[in-house]
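Peer 1: Attaching a predicted model along with its sequence, questions to come.
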Amino acid sequence: MRPLTCEIRLDYLRDNYQYLKALHGNKLLAVMKANAYGHGAVQCARALHDAADGFAVAFLEEAVELREAGITKPIVVLEGVFQAADYAAVAEYRLWPVVHCQAQLEGLLAFDWREPATVWLKMDSGMHRTGFFPHNYAAAFAALRQSGKVGEIVKMSHFACADETERGMTQMQLEAFDLACAGLDGAESLANSAAIMAYPEARRDWGRAGLALYGVDPFGAFSGSLKPVMRLKSEVFAERVLQPHEPIGYGASFYTKRSTRVGAVAGGYADGYPRRAASDTPVAIDGVRSRLIGRISMDMLTVDLQQADMGVGSEVELFGDIISVNEVAAAAGTIAYEVLCNVKRAKRVYS
Ligand SMILES: *Cc1c(COP(=O)(O)O)cnc(C)c1O
């Protein structure tokens, strides 16, 4: 069997949840969108079910998948509905929709709710993708409140730059949010992973943890307190010795400088490993840091067998415990979120 394996350590997921919940205080949503950032939404939600205060997904179909897998805790639908008709499913599956625009608000008010809906009302506090502008927010809040159709309203917003603490953007967004919420009752939710960790004033009634829940430091480092849930590993399945000044792989983009032992590893861009990862991207071979050499192919990649005992059968960690996914992402000019979401075709092993 092909040795590429994506290990998902569910005990680490639970530990990260507890750590982030303690840090945030109050309640914490486990963000499960995009198949739990590539980790498997159903398996991850089940592993967290007893501990979690609730879950968040991007859209309705993701929420329905969790409900049909037996998840009974609150589920926030972060983008809300795309059509007013979808409020029927929101009600049927007892979901908590975000309302970020006037069309969603009107659809919600037109729907015949059997029980009062719980609504997360989104403010655009400065990121400028979605949400009510601060000067329209109180009116939207009042429309929901006065309709008699809504039970709880959770006031929420999302930060553009929470992982860039040297910038003032988060502070500005916090001030805009608090100013526009003055006099509006009810719970609040602001912080994603980076804000939970770096902005105590953003910790409100509900946190929303994604990346850090999966054990990845939002600030690009390897955080001692977070445990990487995903470990992508494979094996060297062929090796050869090349003389100095020999090319390796497609495009002959890499040339050996000295006599080099090259290992071929099962795993390539068709498995989601980023093709843009250049030579020198770190890997760990039998627990020792080494590097990629040559381009990433569809089904394999090539590594530098730097030590005598590295060879066919050696385990290769592409990322996980020794190599952080942040390092791989940086080497490929992208972010850990994208690398995690892209992993596919690898055999998944849950523990
Ligand atoms: C994805 C998402 C989160 C989680 O963000 P992380 O940076 O992964 O913690 C929180 N809130 C909203 C609205 C999101 O879309």
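Peer 2: Noted; the coordinates are in hand.

Peer 1: Spatially nearest residue to residue 302, not counting backbone neighbours?
Peer 2: residue 294 (4.5 Å; CB to CB, 6 or more residues apart in numbering). In this view, the C-beta of every residue, glycine as well, is placed from N, C-alpha and C.

Peer 1: wait, what's in contact with the one you found?
Peer 2: Residue 294 is in contact with 247, 248, 249, 250, 253, 254, 262, 279, 301, 302, counting by CB atoms under 8 Å, 6 or more residues apart in numbering.

Peer 1: cool, and residue 240?
Peer 2: Counting by CB under 8 Å, 6+ apart, residue 240 has contacts 261, 262.

Peer 1: next one: residue 316
Peer 2: Residue 316 makes contact with 233, 234, 235, 236, 263, 265, 267, 283, 284, 285, 303, according to CB under 8 Å, 6+ apart.

Peer 1: And the fourth one, how far from residue 314?
Peer 2: What it means is residue 236. Using CB to CB, to the nearest Å, residue 236 is found at 5 Å from residue 314.

Peer 1: Quickly list what's touching both of those two.
Peer 2: Joint contacts of residue 236 and residue 314 (CB under 8 Å, 6+ apart) are 263, 285, 305.

Peer 1: For those residues, pick the one with the most neighbours.
Peer 2: Most neighbours among these, by other CB atoms under 10 Å: residue 263, with 27 neighbours.

Peer 1: who's the residue nearest to it when sequence neighbours are not counted bridged to?
Peer 2: Distances taken as CB to CB, 6+ apart place residue 236 nearest to residue 263, at 3.8 Å, with adjacent residues excluded. Taking DSSP bridges as the rule, residue 236 bridges to residue 265.

Peer 1: I figured residue 236 hits residue 312, correct?
Peer 2: Yes: distance between residue 236 and residue 312: 5.5 Å, which falls inside the contact criterion (CB atoms under 8 Å).

Peer 1: the more surrounded of the two?
Peer 2: A direct count of neighbours by other CB under 10 Å for residue 236 and residue 312 places residue 236 higher, at 24 against 12.

Peer 1: what sits against the more buried one?
Peer 2: Contact analysis of residue 236 by CB under 8 Å, 6+ apart lists 263, 264, 265, 285, 303, 305, 310, 311, 312, 313, 314, 316.

Peer 1: Output the residues you listed in TSV, with secondary structure appended to each entry.
Peer 2: Putting the contacts of residue 236 into TSV (DSSP: H, G, I helix; E, B strand; the rest coil) gives the following:
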residue	secondary structure
263	strand
264	strand
265	strand
285	strand
303	strand
305	coil
310	coil
311	coil
312	coil
313	coil
314	coil
316	strand
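
Peer 1: just the residues you listed now: which is nearest the ligand?
Peer 2: Nearest to the ligand, judged by CB to the nearest ligand atom, of these is residue 316 at 27.3 Å.

Peer 1: before we move on, back to that, mutual contacts of residue 236 and residue 312, please.
Peer 2: residue 263.

Peer 1: For the stretch 151-300 of the chain, list the residues in contact with the ligand, please.
Peer 2: 158, 192, 193, 194, 208, 209, 210, 211, 212, 218 (CB under 6 Å from any ligand atom).

Peer 1: what two of those residues are the furthest from one another?
Peer 2: Spatial extent of these (CB to CB) is set by the pair 158 and 212 at 15.5 Å.

Peer 1: For residue 33, which residues are in contact?
Peer 2: If you count contacts by CB under 8 Å, 6+ apart, then residue 33 has 56, 57, 58, 59, 62, 78, 210 around it.
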